[in-house]
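K.L.:
prediction below, plus the sequence it came from.
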Amino acid sequence: MDKSFLKAQIIDLLKNKGNHENIDEFFIDDLIFNIGLLEEAKESLLLHGTIEDSRWGRRMTPELLVYQMLTKEVKAGWGILGITPRDRRKLKLEEAMRDDEFDNVFDND
């Protein structure tokens, strides 16, 4: 992911919507940081799996829990900036944020 390019795209999108303030820079940086962490968490999750055996029985791996938490953080970040699913499609990010089986099976809300 090219973080500078993504940031510029988000700023342009917000400006075009008439919805950009200087304080948004903080939230944009936070969102992009969390997207990077989410990508790393997904790689770790694919490497370590979703379920592990422990002395207390089978449980979700820490990687899965981190992935779920970061997914929620990223989705909240989009919401804070007022970026809708349609806007994300404009940014060509809908594939990265599409709900997957993990979200549907292990939803912690």
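P.N.:
Arrived safely.

K.L.:
how about the helices in the chain?
P.N.:
3-16, 24-48, 62-81, 85-90, 94-97, 101-105 (DSSP state H).

K.L.:
just name the most buried of the ones you listed.
P.N.:
helix 62-81 (a mean of 17; mean count of other CB atoms under 10 Å). C-beta here means a position set from N, CA and C on the backbone, and glycine is covered the same way.

K.L.:
put the alpha carbons of that one into PDB.
P.N.:
Below are the C-alpha coordinates for helix 62-81, written out as PDB (Å, rounded to 0.1, in the frame of the first residue of the first chain):
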ATOM      1  CA  PRO A  62      -4.500 -14.100  19.200                       C
ATOM      2  CA  GLU A  63      -3.900 -13.200  15.600                       C
ATOM      3  CA  LEU A  64      -7.600 -13.600  14.900                       C
ATOM      4  CA  LEU A  65      -8.600 -11.400  17.800                       C
ATOM      5  CA  VAL A  66      -6.200  -8.700  16.700                       C
ATOM      6  CA  TYR A  67      -7.500  -8.900  13.100                       C
ATOM      7  CA  GLN A  68     -11.100  -8.500  14.300                       C
ATOM      8  CA  MET A  69     -10.200  -5.600  16.500                       C
ATOM      9  CA  LEU A  70      -8.300  -3.800  13.700                       C
ATOM     10  CA  THR A  71     -11.100  -4.400  11.200                       C
ATOM     11  CA  LYS A  72     -13.500  -2.600  13.600                       C
ATOM     12  CA  GLU A  73     -11.000   0.200  14.100                       C
ATOM     13  CA  VAL A  74     -10.600   0.700  10.300                       C
ATOM     14  CA  LYS A  75     -14.300   0.700   9.700                       C
ATOM     15  CA  ALA A  76     -14.800   3.200  12.600                       C
ATOM     16  CA  GLY A  77     -12.100   5.400  11.000                       C
ATOM     17  CA  TRP A  78     -14.000   5.500   7.700                       C
ATOM     18  CA  GLY A  79     -17.000   6.500   9.700                       C
ATOM     19  CA  ILE A  80     -15.300   9.300  11.600                       C
ATOM     20  CA  LEU A  81     -14.200  10.800   8.300                       C
END
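
K.L.:
avg pLDDT for it?
P.N.:
Mean per-residue pLDDT for helix 62-81: 94.
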